[in-house]
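1. Quick one, what's the 3D model for this:
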Amino acid sequence: MKKYDLIVIGSGPAGLAGAAFAAARGKKVLLLEKESRFGGKLPLSGGGRCNVTNVLSPDDMARAFGKKGRFMLPALRNLTPEGVREYFSDRGVEIEVTDGFHCFPRSGKALHLVNALLDECDLYGVEKISSFKVEELLIKEGSVTGVRGGEKRFYAPQVLIACGGKSYPKWCGSEWGYTLARQAGHTITPLYPAMTGLQCTEEWPGLCAGISLADTTCCIDLPGEKTLCRGELLFTHQGISAFAVLDLAGRAAELLQTHSVLPLKLNLFAGTSREEWLQRFALWRQGSGKVSAGKILSEYLPKRLVPYIVPAPETPFARYSAENTRKLLENLTSLTLHARDTENFHKAMVTKGGVSLEEVNTKTLESRLVKGVFFAGEVLDLDGPCGGYNIQWALSSGALCAGQ
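-> Here you go, the predicted structure:
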């Protein structure tokens, strides 16, 4: 009968950090992964580059997760963003701050982060088994005693569930972790695809698929909704995506449970105010009055986008009506689209929802229901914006569990 100090289920960043940090503390660790390879979604993150963290303080990073962010503070203070950068640099993976905020491996390869964690596991004797799916938590008198998969049983007084979420199932996403959590009596909050694109009722965005705008904002245009995202906007075959959309997709998915469509407002040039556009309009009337509105705006917009944004594009700007001027201003600064759905879990990078935080000890990430069961990473009901937040949380939560 094989016995361990800790069994880690799942080998994404949370699981690898949990296994590596625990083994470095002298624990006998078993790492179990249902896929044939280790690393979870980490090798895919950031298009294979992996924005592993950022330069925020633990408190500021927690605030970016909203009201639930306070739950994260013990983990983030235990392994800070600075600590993550130092950890990988000390193991030969230099981390650079590319723009004063986002942090990537200098090599540009997320796989180097995975390999560094796996090397650390090997250094401290972590036993690793791939293609093994845990089917059952072994629980006796309110404490975990091990796990079972098929005919095999492994025993330990501590089990870390770090299986990730439902997102991106063709790579590794599944409800595996939630199923195990339910066995321990835990509540799973509703699950929604987050950090993904939106499908729109309007057909014209699909006709502009592939076009992108560098600096835009997008918000859900409902009373009381304050989410505003800024960044690149990409038109897709079904709607819109990229950074101006990704961070509000989870909230949109949630709201679409009670709304048939969601109105969106987009500012196509986030750095330009309405007043600045009106000043440009006045200058165009004076200096380029004979030039068509479409030709003038093609200096600002991709040509394929002009017919959908510029009313009466063939009209000389000097003869542009007040109504066309009003409509052009509105399209540039508060363009209306309607989301009918998200791009679902198959394209989502993160899952919104998960194991209820009320049933987990914030100081240790141990279950309040079953002694010895711990949770780390995306399996918990926490999701943050793009920009290194979610991977930092995965690493910090895994490290905190390892020290218990």
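2. From here on, just use CA atoms for contacts and neighbour counts.
-> Noted.
3. What are the boundaries of the helices in this structure?
-> Counting by DSSP state H, the chain has helices at residues 13-24, 58-63, 73-78, 81-90, 111-123, 176-183, 204-207, 243-255, 274-287, 293-297, 306-309, 322-334, 344-347, 389-402.
4. Can you tell me which of those helices is packed in deepest?
-> helix 13-24 (a mean of 30; mean count of other Cα atoms under 10 Å).
5. and that helix, what does it pack onto?
-> In terms of contacts (3 or more Cα pairs under 8 Å, 6 or more residues apart in numbering; DSSP states H and E), helix 13-24 is packed against strand 6-9, strand 29-32, helix 111-123, strand 159-161, helix 389-402.
6. next one: phi and psi at the closest residue to F65 other than its chain neighbours?
-> Residue nearest to F65 in three dimensions, not counting chain neighbours: G384, with 4.9 Å by Cα to Cα, 6 or more residues apart in numbering. Note on G384: backbone dihedrals following degrees, to the nearest 10 are phi -110, psi 180.
7. what's the burial count for G384?
-> 25 (other Cα atoms under 10 Å).
8. Could you check the pLDDT of it?
-> pLDDT recorded at G384 is 95.
9. Could you point out which residue ranges in this structure have low pLDDT?
-> Within the chain, no range satisfies pLDDT under 70.
10. residue farthest from the centroid of it?
-> No residue in the chain sits farther from the centre than K290, which is 47.9 Å out by Cα atoms, centre = their mean.
11. Show me what the residue nearest to it when sequence neighbours are not counted is bridged to.
-> Leaving aside its chain neighbours, K290 sits nearest to P316 (5.0 Å; criterion: Cα to Cα, 6+ apart). In this structure, P316 bridges to S292 when assessed by DSSP bridges.
12. List the residues that contact P316.
-> G289, K290, V291, S292, A293 (Cα atoms under 8 Å, 6 or more residues apart in numbering).
13. and which of these is nearest T336?
-> Closest approach to T336 among the contacts of P316 (Cα to Cα): A293, at 20.5 Å.
14. Hmm, the closest one is touching R319, no?
-> No: using Cα atoms under 8 Å, A293 makes no contact with R319, being 9.5 Å away.
15. Using JSON lines, lay out the helices of the chain together with distance to D99.
-> Below are the helices of the chain laid out as JSON lines (distance: least, Cα to Cα, whole Å):
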{"stretch": "helix 13-24", "distance to D99": "24"}
{"stretch": "helix 58-63", "distance to D99": "17"}
{"stretch": "helix 73-78", "distance to D99": "22"}
{"stretch": "helix 81-90", "distance to D99": "15"}
{"stretch": "helix 111-123", "distance to D99": "20"}
{"stretch": "helix 176-183", "distance to D99": "35"}
{"stretch": "helix 204-207", "distance to D99": "30"}
{"stretch": "helix 243-255", "distance to D99": "16"}
{"stretch": "helix 274-287", "distance to D99": "28"}
{"stretch": "helix 293-297", "distance to D99": "30"}
{"stretch": "helix 306-309", "distance to D99": "31"}
{"stretch": "helix 322-334", "distance to D99": "27"}
{"stretch": "helix 344-347", "distance to D99": "27"}
{"stretch": "helix 389-402", "distance to D99": "16"}
